[in-house]
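**Q** Build me a model:
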Amino acid sequence: MNACNRCGRELKTQQSIKNGFGPVCQKKHEEAEAEFLKKQVTIDEEIAYQEKVAR
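**A** The predicted model follows:
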């Protein structure tokens, strides 16, 4: 049995099984991932910030 990685329900289509998520959970996962990535700081941003603070 193939289960959704988000909600645990059984996946029925080949595309869902390939993705690991049902269509609704896939959308929710993508939205959560996009929000997570917006909050990330790159090393270059951190270095620039540290240089600015050190002045």
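**Q** The helix or strand harbouring Glu35 packs against which elements?
**A** Using DSSP states H and E, Glu35 sits within helix 23-38. Identification of packing neighbours for helix 23-38 by 3 or more CB pairs under 8 Å, 6 or more residues apart in numbering; DSSP states H and E yields helix 14-19. The way it works is simple: take the backbone N, C-alpha and C, and place the C-beta from them, glycine included.
**Q** which residues touch the helix it packs on?
**A** Asn2, Cys4, Leu11, Gly22, Pro23, Gln26 (CB atoms under 8 Å, 6 or more residues apart in numbering).
**Q** Could you rerun that using 6 Å?
**A** If you take CB atoms under 6 Å, 6 or more residues apart in numbering as the criterion, helix 14-19 is touched by Asn2, Leu11, Gly22, Gln26.
**Q** among these, which ones are buried?
**A** Leu11, Gly22, Gln26 (16 or more other CB atoms under 10 Å).
**Q** so can I have CSV of these showing pLDDT and distance to Lys52?
**A** Formatted as CSV, these follow (pLDDT from 0 to 100; distance: CB to CB, whole Å):
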residue, pLDDT, distance to Lys52
Leu11, 97, 48
Gly22, 96, 45
Gln26, 97, 40
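**Q** ok, back up a step: just the CA atoms of the helix holding Glu35, as CSV, please.
**A** What follows is helix 23-38, C-alpha atoms only, in CSV (Å, rounded to 0.1, in the frame of the first residue of the first chain):
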residue,chain,number,x,y,z
PRO,A,23,-3.4,16.2,-5.1
VAL,A,24,-4.7,18.2,-2.2
CYS,A,25,-1.7,17.4,0.0
GLN,A,26,0.7,18.1,-2.9
LYS,A,27,-0.7,21.6,-3.1
LYS,A,28,-0.4,22.1,0.7
HIS,A,29,3.1,20.7,0.6
GLU,A,30,4.2,23.1,-2.2
GLU,A,31,2.7,26.1,-0.3
ALA,A,32,4.4,25.1,2.9
GLU,A,33,7.7,24.6,1.1
ALA,A,34,7.4,28.0,-0.6
GLU,A,35,6.8,29.7,2.7
PHE,A,36,9.7,27.9,4.3
LEU,A,37,12.0,29.0,1.5
LYS,A,38,10.9,32.6,1.8
